[in-house]
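J.: One predicted model, sequence on top.
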Amino acid sequence: MALAGVRVIELAGLAPAPFCGMILADFGARVIRVDRTKGAMTVDTQARGKRSVALNLKNPKGVAVFKRLCVQSDVVLEPYRKGVMEKMGLGPEDLLKENPRLIYARLTGYGQSGSYAKAAGHDINYLAMSGLLSMLGRSSEKPYAPLNLVADFAGGGLMCAFGIVLALLERSRSGQGQIIDASMVEGAAYVGSFMWKSRSLGLWNRPRGENMLDSGAPFYDTYCTSDGKYMAVGAIEPQFYQQLIKGLALDDADLPAQMSVSDWPQLRQTFTRVFATKTQAEWSRIFDGTDACVTPVLSLDEVLSHPHNQARGSFFKDSQGEISPRPAPVLSRSPAEPCHSRDPFIGEHTRSVLKEYGFEQAQIEQLLSAGIIECNEAKARL
Ligand SMILES: C[C@H](CCC[C@@H](C)[C@H]1CC[C@H]2[C@@H]3[C@H](O)C[C@@H]4C[C@H](O)CC[C@]4(C)[C@H]3C[C@H](O)[C@]12C)C(=O)SCCNC(=O)CCNC(=O)[C@H](O)C(C)(C)COP(=O)(O)OP(=O)(O)OC[C@H]1O[C@@H](n2cnc3c(N)ncnc32)[C@H](O)[C@@H]1OP(=O)(O)O
């Protein structure tokens, strides 16, 4: 796999960093997640392919263990607010001094500078600060955040993984590591560059929810079917729009012009009425195989059985029977191989990892008895 042999130390975070770590593990990196001790509970549901070491970083001996792991690693990924790692004596200066090849990835909401750098926050806050949240939401409704997708994952975990791969590539030429300041505000905004770059096209010059791509246009929206499911319509170009009208068995001559914005409410009412006359399966049979840009809105469970997704293997079930999207993109010669076994318990691999990183048995036992580490391999055998 593309990242085979890359050694990553991921400090346990909430959602963005775990996603970043999962991406790296899916593409072959050896990811060790460092968890807290003392009965911590993991919120990492994206832990496939990772190993867990439970280590108390509030203790200087724990910090020393962490440093030894980082000296023999390629990447450290930290999900804490600005200053936390420095407070533990694990800032970039501390770690890069001992391992100049280390790629030190800092995944935060607001970045390592600026007045918000030390403020708590979540996806919706970062999305708000990116400018994008102001564009999301139907007309006459308040802005809404689309799950925690845009800042946490697209602009956060995925963008940070991209930065890590860039730094690995650059290190192959320079031999040097570097610090990655991954701000979710900036990552989300960067993902949304099109919104700024397309303003000159007049795509966003109407109020929120009244533009073509923000739920304003009736030919770019969702519609309820007679069985309470939905169809997604994206028939933008005239030639595709004509196939939509044909599939709905409507006569274009009886309808207002597609781009007559003032008639969009009336057109939407017509589409709403017609889509409500058939089931989602019936509409799929009508539109599948056409260029009408009409598709069923599938649930997280329905995606697995849709013929198109099935043909590609776009989703898989792991050993626990849990559905997951397969890693993307698909590389022809070195594709990802996502782990299908269960997620690790906290501390499940503490002993084996420390041995792998050169700790003697006696040292491990000392660290264990002092509460610096926790070893839960026994739990895994239950
Ligand atoms: C929208 C998303 C949020 C999704 C998260 C959800 C997946 C989960 C969040 C809460 C969960 C629910 C909850 O737990 C209740 C239920 C529990 C039940 O068991 C399960 C169901 C629950 C409903 C459960 C369900 C889900 O799991 C949840 C809903 C996001 O937006 S996530 C993005 C958040 N933002 C960032 O990541 C940006 C950067 N990070 C930060 O800004 C801060 O970390 C953050 C997130 C604000 C948290 O701040 P906090 O004060 O808590 O921490 P930090 O200031 O960063 O400092 C870390 C401290 O930890 C110490 N430390 C770290 N490692 C170790 C170690 N190994 N040993 C010892 N100590 C360690 C470190 O020294 C710091 O200590 P200090 O504070 O003393 O300096």
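T.: Looks like it arrived, so ask away.

J.: Tell me, how many residues neighbour whatever residue of the stretch 201-350 of the chain ends up closest to the ligand?
T.: Nearest residue of the stretch 201-350 of the chain to the ligand: Ile346, at 10.2 Å (CB to the nearest ligand atom). For the C-beta atoms, the positions are set from N, CA and C on the backbone; glycine is no exception. Neighbour count of Ile346, defined by other CB atoms under 10 Å: 22.

J.: so what's it closest to, chain neighbours aside?
T.: Leaving out its chain neighbours, the residue that sits closest to Ile346 by CB to CB, 6 or more residues apart in numbering is Asp35, at 4.5 Å.

J.: so the residue of the stretch 201-350 of the chain closest to the ligand makes contact with Thr42?
T.: Yes. With contacts counted by CB atoms under 8 Å, Ile346 reaches Thr42, the gap being 5.6 Å.

J.: shared neighbours, these two?
T.: Residues touching both Ile346 and Thr42 (CB atoms under 8 Å, 6 or more residues apart in numbering): 35, 52.

J.: can you list contacts of the helix or strand harbouring Phe194?
T.: Applying DSSP states H and E as the criterion places Phe194 in helix 193-197. Residues from elsewhere that reach helix 193-197 (CB under 8 Å, 6+ apart): 131-132, 135, 204.

J.: mind listing what's buried in the very next helix or strand once past it?
T.: The first helix or strand that comes after helix 193-197 along the chain, using DSSP H and E, is strand 220-224. The neighbour-count check on strand 220-224 (16 or more other CB atoms under 10 Å) flags 220-221, 223 as buried.

J.: what does stretch 344-353 give?
T.: Using 16+ other CB under 10 Å as the test for burial, stretch 344-353 gives 344-351, 353.

J.: what do you get for stretch 3-14?
T.: By neighbour count on 16+ other CB under 10 Å, the buried set for stretch 3-14 is 3, 6-13.

J.: So which bits of the stretch 101-250 of the chain are right by the ligand?
T.: With CB under 6 Å from any ligand atom as the criterion, the stretch 101-250 of the chain meets the ligand at residues 108-109, 120-123, 148, 152.

J.: mind listing which of those are in strands?
T.: Among those, the residues falling in strands (DSSP state E) are Thr108.

J.: Which strands or helices does the longest helix that the chain contains pack on?
T.: Criterion DSSP state H: the longest helix present in the chain is helix 159-174. Counting contacts by 3 or more CB pairs under 8 Å, 6 or more residues apart in numbering; DSSP states H and E, helix 159-174 is packed against helix 16-26, strand 75-78, strand 103-108, strand 178-183, helix 184-191.

J.: Just tell me which of the ones you listed ends up closest to Ser299.
T.: helix 16-26 (21.3 Å; CB to CB).

J.: so what's the nearest residue to Asn59 once chain neighbours are set aside up against?
T.: Take Asn59 and drop its neighbours on the chain: the residue closest to it by CB to CB, 6+ apart is Ile372, 5.5 Å away. By CB under 8 Å, 6+ apart, Ile372 lies in contact with 37, 55-56, 59, 61-62, 65.

J.: Which of the three states applies to Ala232?
T.: At Ala232, secondary structure determined by DSSP: H, G, I helix; E, B strand; the rest coil is strand.

J.: Surely it is in contact with Val294?
T.: Yes. Ala232 lies in contact with Val294 (CB under 8 Å); the separation is 7.0 Å.

J.: where does Arg36 fall, phi/psi-wise?
T.: Main-chain dihedrals, Arg36, degrees, to the nearest 10: phi -70, psi 160.

J.: would you say Arg33 is within a helix?
T.: No. Counting by three-state DSSP, Arg33 is not found in a helix; it is strand.

J.: wait, isn't it in contact with Val53?
T.: Yes. Using CB under 8 Å, Arg33 is in contact with Val53, at 7.3 Å.

J.: ok, back up a step: could you dump the residues of the stretch 101-250 of the chain next to the ligand to JSON lines with pLDDT and neighbour count?
T.: Compiled in JSON lines, these are given as follows (pLDDT from 0 to 100; neighbours: other CB atoms under 10 Å):
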{"residue": "Thr108", "pLDDT": "98", "neighbour count": "28"}
{"residue": "Gly109", "pLDDT": "98", "neighbour count": "26"}
{"residue": "Ala120", "pLDDT": "98", "neighbour count": "9"}
{"residue": "Gly121", "pLDDT": "98", "neighbour count": "17"}
{"residue": "His122", "pLDDT": "98", "neighbour count": "15"}
{"residue": "Asp123", "pLDDT": "98", "neighbour count": "25"}
{"residue": "Asn148", "pLDDT": "98", "neighbour count": "17"}
{"residue": "Asp152", "pLDDT": "98", "neighbour count": "28"}
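
J.: Great, nothing more from me.
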